[in-house]
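Enquirer: Sequence first, then the predicted structure, then my questions.
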Amino acid sequence: MIKTLLKDPLLHFALIGGLLFSLYIVVAEPAVNNASIVISTGQIEALKTNWQKVWNRPPSDTELQQIVQQSIREEVLYREAKLLGLDKDDQIIKRRLQQKMEFMFTDISYSATPTNQQLKQYLADNSAKFISPARHSFKHFFINRDQRGTEASEDALHMLAGLRAGESTASGDRFMFANEFIDANSDEIIRVFGENFYTQLAALNTGGWQGPITSRFGYHLVFIIDMQPAGLPLLSDIRERVSEEFRATQRQVSNEAFYQALLAKYQLRIDWPNKQLAAIGTSQQ
């Protein structure tokens, strides 16, 4: 089996291609007249002008830093793309060449299948991403405060007493949404009733009619059928999602490392218009 695999020409092609590309990254040097990147004051002003045309305001210092760094990134990737011949017989603009270069090193970035231990560690380190929100199943009677006025509160208490006594004739006012919610998460409940309602709801116990609690609509008498608190699911229940997040994070780290390796080949000079911007730029490089 191994001897057969070693004779496979596709394997030879893949190994040779990977070796050549790795050799390019390690030893390739830009041409002498291509080894410097200068971001002049005039270029920075042009970047600021373009930003203002799009957003109708000048960029903040931090935003200008980001614009300049993006411009450098574009220039580095554009030059490297040309060295690889990606611009031959292609009249597309510099941004498209930058995108081609990024697509290329994204394809060769980290793609190994994560181990179970790696996924466990990633889940532990990024638990906030995967917390499942609290879920509630409940039914309610609605007492419309706008319709009933000052009697709304008293009507709610009277209806609650009847429900607790087992009366089956109790009926609230018409509610624009459902009168029963099954396995609704906290975000869904807040969207319908408001945050104040959810805070009161979360403090109730399962079983039995309780209230009244208030929402932006009025009063509610609530029967909690079931409640599941927020928590971190087991890895086995969300393995595919954790794996996708892990791969995306590793790909981002790999892409950035690749870009930094390319950037290191260039002598970089940025003519910042003032010392404040220069100080920020030094701290970000």
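Expert: That came through fine. Numbers count the residues shown, from 1 in each chain.
Enquirer: now the nearest residue to Phe197 once chain neighbours are set aside: how far from Arg269?
Expert: Leaving aside its sequence neighbours, Phe197 sits nearest to Ser215 (Cβ to Cβ, 6 or more residues apart in numbering; 3.9 Å). Placement of C-beta: from N, CA and C, glycine included. Separation of Ser215 from Arg269 (Cβ to Cβ, to the nearest Å) stands at 61 Å.
Enquirer: higher neighbour count, the two?
Expert: Ser215 (21 against 10; other Cβ atoms under 10 Å).
Enquirer: if I look at the more buried one, how far off is Leu235?
Expert: Distance, Ser215 to Leu235, by Cβ to Cβ: 37 Å.
Enquirer: got it, and Arg79?
Expert: Counting by Cβ to Cβ, the gap from Arg79 to Leu235 is 44 Å.
Enquirer: more crowded one of those two?
Expert: Neighbours were counted for Arg79 and for Leu235 using other Cβ under 10 Å; Arg79 has more, 22 against 17.
Enquirer: Would you double-check that that one falls in a strand?
Expert: No - counting by DSSP: H, G, I helix; E, B strand; the rest coil, Arg79 is not found in a strand; it is helix.
Enquirer: State the pLDDT value of Gln285.
Expert: For Gln285, the pLDDT comes out at 60.
Enquirer: brain fart, Ser137
Expert: Here the pLDDT value assigned to Ser137 is 96.
Enquirer: Correct me if wrong: it contacts Ala184.
Expert: Yes - because the distance of 7.3 Å satisfies Cβ atoms under 8 Å, Ser137 is recorded as touching Ala184.
Enquirer: more neighbours, those two?
Expert: Neighbours per residue (other Cβ under 10 Å) separate Ser137 from Ala184, with Ala184 holding more: 19 against 16.
Enquirer: from memory that one sits against Lys139, does it?
Expert: No - applying Cβ under 8 Å as the test, Ala184 and Lys139 come out as separate, 11.5 Å apart.
Enquirer: How about the contacts made by Glu63?
Expert: Going by Cβ atoms under 8 Å, 6 or more residues apart in numbering, Glu63 touches Trp51.
Enquirer: Apply 10 Å and report the result again.
Expert: By Cβ atoms under 10 Å, 6 or more residues apart in numbering, Glu63 lies in contact with 48, 51, 55, 57.
Enquirer: Spell out which residues sit in contact with the third one, please.
Expert: Right, the one you point to is Trp55. By Cβ under 10 Å, 6+ apart, the neighbours of Trp55 are Glu63.
Enquirer: run the last query once more with 8 Å
Expert: By Cβ under 8 Å, 6+ apart, Trp55 lies in contact with nothing.
Enquirer: So for it, what's the pLDDT?
Expert: On the pLDDT scale, Trp55 is placed at 92.
Enquirer: How about the second one?
Expert: In the prediction, the pLDDT value recorded for Trp51 is 91.
Enquirer: re the thing from before, give the ChimeraX command for selecting the buried subset of the contacts of Glu63.
Expert: In ChimeraX, this line selects whichever of the contacts of Glu63 come out buried by 16 or more other Cβ atoms under 10 Å:
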select :48,51
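Enquirer: Residues in a beta bridge with Gln228, which ones?
Expert: Beta-bridge partners for Gln228, by DSSP bridges, are Arg135.
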